[in-house]
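1. Here is the input, now give the coordinates:
(chains A, B, C and D)
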Number of protein chains: 2
Amino acid sequence: MPATRQHAEDLTIQEMARRSGFAESTLRYYEKIGLLGRVARDESSGHRRYGPAVAERVQALSCLRSAGMTVTGMRRYLELLALGDAAAAEQRDLFAAQAETLAADIEQLQLRLAYLRHKAELWDARVRGDAAAEQQAVEEVTRVIDRFTY
Amino acid sequence: MPATRQHAEDLTIQEMARRSGFAESTLRYYEKIGLLGRVARDESSGHRRYGPAVAERVQALSCLRSAGMTVTGMRRYLELLALGDAAAAEQRDLFAAQAETLAADIEQLQLRLAYLRHKAELWDARVRGDAAAEQQAVEEVTRVIDRFTY
DNA sequence: TCCGACACCTGAAGCGCTTCAAGTCAAACC
DNA sequence: GGTTTGACTTGAAGCGCTTCAGGTGTCGGA
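-> Below you'll find the model as predicted:
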């Protein structure tokens, strides 16, 4: 009789990991550092069971995390969430600021992508023994690097 | 008489950090784990001095690192580099693979960005008490999340 | 000549996970 | 009924840095 009293919609750590994109180890870690409160357990096995409320919270954290938000930022989000509509303006600002940061990051990454592609071209030209193409790739690499900012 | 015998083009760790985008601590760390070989020192002060050859190497690593390459990948790159043209095909493949990975990452990040912006809209609508706008933002958030892959 | 100020040094600890080692629980096969 | 399989548990160690604590070397000014 396994976990008869559990709700059907409760997720195992494996399911929670699959749905959220967090590794199982990360879910355990987040619980340990207090981001998730205490997650319910199956009484007999001691395995974690993620109910709907926790699951939703995990989903939201997953989005924020994959958008580059730090653990500190996620804590802030949860604090604001607890305040509800009273903290709506702060929430808006939190998301807007994170969006701007991410937009800037993406722009930089696109430069890095161009760099990598030109480097691939460069070595390809070398494989083919095409000195002219190699020279052009070198110039393109240089041009891209000049646009890097740190 | 500070470091009279040093070459003028040698960089301090601070300059190297500024030019490469690595933190000074990261430069020390990379040296410790053997990514940079042994960096020369100013004899009297014991401070690191990055000569042109090392500086170029650091620059290249910086590009790779900021394009998402792992330390393992960077080691591989340095190995191949030592082989010169003999490993040109492997270098091309290394860069091409890294480029593909990064392109996929960027695509995901653009979704996260859309998510963040819609979330900001959502809270903004709530601040303004605009239920219709809020409802629309909720739908947009949902639509974006459905396109997430992990 | 002494005094900060500052850049740098090393070694150790912390962070956000990830990986690993050793063990528990439950369904399933022989 | 044992035993294997597989998902799960905890605690500890590792990774790639980052931060911190405590100290050294160099310089410019009083």
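2. Look up how far chain B lies from the residue most central in space within chain A.
-> By C-alpha atoms, centre = their mean, chain A has its centre lying nearest to A:Ser66, at 1.4 Å. A:Ser66 sits 6 Å away from chain B when distances are taken as C-beta to the nearest C-beta, to the nearest Å. For the C-beta atoms, the positions are set from N, CA and C on the backbone; glycine is no exception.
3. ok, which stretches of chain A are strands?
-> A:40-41, A:48-49 (DSSP state E).
4. picking up where we left off before, roughly how far apart are the residue nearest to the centre of chain A and DNA strand C?
-> A:Ser66 sits 10 Å away from DNA strand C, taking C-beta to the nearest atom of the strand, to the nearest Å as the criterion.
5. go on, A:Ala17?
-> 10 Å.
6. and chain A, which of its residues are near DNA strand C?
-> A:2, A:22-23, A:25-26, A:28-30, A:33, A:44-46, A:65, A:70-72 (C-beta under 7 Å from any atom of the strand).
7. where's the dip in pLDDT among the residues you listed?
-> pLDDT across the residues of chain A next to DNA strand C is lowest for A:Pro2, at 38.
8. Could I get the phi/psi values of A:Arg38?
-> Dihedral angles of A:Arg38 (phi, psi; degrees, to the nearest 10) stand at phi -100, psi 130.
9. Contact residues of chain A facing DNA strand D?
-> So chain A meets DNA strand D at A:12-15, A:24, A:28, A:41, A:46-48 (C-beta under 7 Å from any atom of the strand).
10. try 10 Å
-> A:11-18, A:24-25, A:27-29, A:31-32, A:38-42, A:45-50 (C-beta under 10 Å from any atom of the strand).
11. Where does the prediction get shaky in chain A?
-> The model of chain A has pLDDT under 70 over residues A:1-6.
12. Now do the helices in it.
-> Under the criterion DSSP state H, helices of chain A are mapped to A:13-20, A:24-32, A:52-66, A:71-83, A:88-128, A:131-146.
13. How much space separates the nearest residue to A:Leu61 once chain neighbours are set aside from B:Arg48?
-> On the basis of C-beta to C-beta, 6 or more residues apart in numbering or on different chains, the spatially nearest residue to A:Leu61 that is not a chain neighbour turns out to be A:Met74, at 5.4 Å. Using C-beta to C-beta, to the nearest Å, one obtains 37 Å as the distance from A:Met74 to B:Arg48.
14. Which of the two has more residues huddled nearby?
-> Using other C-beta atoms under 10 Å in any protein chain shown as the criterion, A:Met74 and B:Arg48 rank with B:Arg48 on top: 22 against 17.
15. I'd assumed B:Asp10 was in contact with that one.
-> No - the pair B:Arg48 and B:Asp10 fails to qualify as a contact (C-beta atoms under 8 Å) at a distance of 9.3 Å.
16. Residues that sit against both of these two, list them.
-> B:Ala40 (C-beta atoms under 8 Å, 6 or more residues apart in numbering or on different chains).
17. Report how many residues lie close to A:Val144.
-> Count around A:Val144 with other C-beta under 10 Å applied: 19.
18. contacting residues for A:Ala133?
-> A:121, A:124-125.
19. Contacts only, for A:Gln108.
-> By C-beta under 8 Å, 6+ apart, the neighbours of A:Gln108 are A:148-149, B:66.
20. for stretch A:85-92, which positions count as buried?
-> A:87-88, A:90-92 (16 or more other C-beta atoms under 10 Å in any protein chain shown).
21. Please produce JSON lines containing those, extended by distance to chain B.
-> Formatted as JSON lines, the buried residues of stretch A:85-92 follow (distance: C-beta to the nearest C-beta, whole Å):
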{"residue": "A:Ala87", "distance to chain B": "9"}
{"residue": "A:Ala88", "distance to chain B": "4"}
{"residue": "A:Glu90", "distance to chain B": "8"}
{"residue": "A:Gln91", "distance to chain B": "4"}
{"residue": "A:Arg92", "distance to chain B": "4"}
